[in-house]
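Trainee: sequence first, predicted coordinates after that:
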Amino acid sequence: MEKNSKIYVAGHRGMVGSAIVRELKRQGYENIITRTHAELDLVNQKAVDDFFAAERPEYVFLAAAKVGGIEANASHPADFMYQNMMLEMNVINAAWRNGCKKLEFLGSSCIYPRLAPQPMPESCLLTSSLEQTNEAYALAKISGLKYCEYLNRQYGTDYISVMPTNLYGPNDNYHPTHSHVLPALIRRFHEAKENGLKEVVCWGDGSPLREFLYVDDLANLCVFLMNNYSGNETVNAGTGKELTIKELSELVAKTVGYEGRIVWDTSKPNGTPRKLLDVSKAQALGWNYRTELPDGLRLAYEDFLSNPMRAER
Ligand SMILES: NC(=O)c1ccc[n+]([C@@H]2O[C@H](COP(=O)([O-])OP(=O)(O)OC[C@H]3O[C@@H](n4cnc5c(N)ncnc54)[C@H](OP(=O)(O)O)[C@@H]3O)[C@@H](O)[C@H]2O)c1
């Protein structure tokens with residue numbers, strides 16, 4: 001990308017899209033175009049076609065998606081499949097037809113099989129069955145990355161994809177029931193501190209292992225890949241480091257300043273025992289994460305405190 005290249009970031013008000021815009025600006029890219037969901041519904045093919053025909057962006061970061069937690073995914077699979085599939089096909093197809101030089105598609109580690117080897121290499125895609133709870137979302141994401149691959153194969157485009165692990169950071173979703181584990185813990189421990197609660201009850205026994213990447217580090221990788229990677233196989237984005245949910249809870253409690261007890265409700269399910277990405281491909285390309293979890297958590301908590309809309313998303 002040249003510093004004045006026309007770059008469209010789809011989903012710029014979301015956690016990932018806003019981090020990509022911050023990173024592009026930090027690196028001196030000036031010609032960034034954006035549209036809110038209200039201005040341009042990416043599920044609407046005609047609207048997307050008209051937008052691309054008028055703007056003809058040279059580069060596209062596709063960070064817009066209908067995203068949700070386990071409950072939303074499990075109870076609304078048809079909506080997750082339709083909206084994500086339509087949005088992806090509309091944007092990628094219109095980008096290609098309007099001469100977009102390079103597109104980067106954002107997916108998620110849930111595209112990998114339920115019983116994938118740990119850590120999960122990019123090559124384990126489509127080797128066995130998906131996790132049932134988010135199968136519809138995963139199938140839509142797999143279709144998006146495969147469509148990029150097929151365009152490359154059939155029409156010689158240079159469209160790539162990146163699959164991040166669990167993310168956290170500014171503009172995260174702190175909704176009480178619809179958020180991911182890390183922002184949910186920030187909110188719960190913060191509220192427990194505010195209300196002087198003596199204990200906080202967490203689900204399971206705290207033993208599952210998880211990986212977390214600070215979203216600004218992901219954005220740095222996204223820009224790096226746009227400039228330095230071409231290929232049909234996706235690229236995993238993570239730290240390659242894991243910790244138990246128990247360790248994570250203790251770290252969040254410490255960051256937030258909650259001094260009460262953490263109680264584990266072992267009658268509740270634990271979830272998958274381990275979910276770690278193999279990040280050797282990104283590392284071999286010359287990229288590594290920068291933000292250690294305690295530092296990223298401090299920044300995320302500052303963002304939580306500074307954003308009065310945090311509970312509304
Ligand atoms: N968060 C994570 O931990 C995580 C982990 C791995 C991968 N990812 C991936 O990163 C990508 C972005 O996730 P995120 O966490 O940034 O999600 P997010 O905060 O919910 O942002 C998604 C953005 O897409 C927009 N959008 C959704 N449907 C749209 C439509 N039909 N038309 C126009 N805009 C639309 C949303 O706008 P509205 O809010 O106005 O609808 C929102 O601004 C997704 O592909 C996700 O799979 C996220």
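Mentor: Sure, I can see it.

Trainee: state which one residue of the chain is found closest to the ligand.
Mentor: Closest residue of the chain to the ligand, Cβ to the nearest ligand atom: Gly14 (1.9 Å). (Each C-beta comes from the backbone N, C-alpha and C, glycine too.)

Trainee: thinking that residue is in contact with Ala63, fair?
Mentor: Yes - in this structure, Gly14 is within contact of Ala63 by Cβ atoms under 8 Å, at 6.2 Å.

Trainee: neighbour-wise, which of the two wins?
Mentor: Comparing Gly14 with Ala63 by other Cβ atoms under 10 Å, the one with more neighbours is Ala63, at 25 against 22.

Trainee: tell me the pLDDT of that one.
Mentor: At Ala63, the pLDDT value in this model is 98.

Trainee: contacting residues for it?
Mentor: Contacts here follow Cβ atoms under 8 Å, 6 or more residues apart in numbering; on that basis Ala63 touches Val9, Ala10, Gly11, His12, Gly14, Val16, Gly17, Ile20, Leu106.

Trainee: mind listing what's buried along the least confident helix or strand in the chain by mean pLDDT?
Mentor: Lowest by mean pLDDT, DSSP states H and E among the helices and strands of the chain is helix 70-75, with a mean of 86. Residues of helix 70-75 classed as buried by neighbour count (16 or more other Cβ atoms under 10 Å): Ala72, Asn73.

Trainee: that one: how far from the chain's middle?
Mentor: Between the centre of helix 70-75 and the centre of its host chain there is 17 Å, according to Cα atoms, centre = their mean, to the nearest Å.

Trainee: what's next to it, contact-wise?
Mentor: Under Cβ under 8 Å, 6+ apart, the answer for helix 70-75 is Phe80, Gln132, Thr133, Asn134, Ala136, Tyr137, Thr177, His178.

Trainee: hmm, back to that, how close does the residue of the chain closest to the ligand get to Leu305?
Mentor: For Gly14, the distance to Leu305 equals 20 Å [Cβ to Cβ, to the nearest Å].

Trainee: in stretch 13-25, what counts as buried?
Mentor: In stretch 13-25, counting by 16+ other Cβ under 10 Å, buried: Arg13, Gly14, Met15, Val16, Gly17, Ser18, Ala19, Ile20, Val21, Arg22, Glu23, Leu24.
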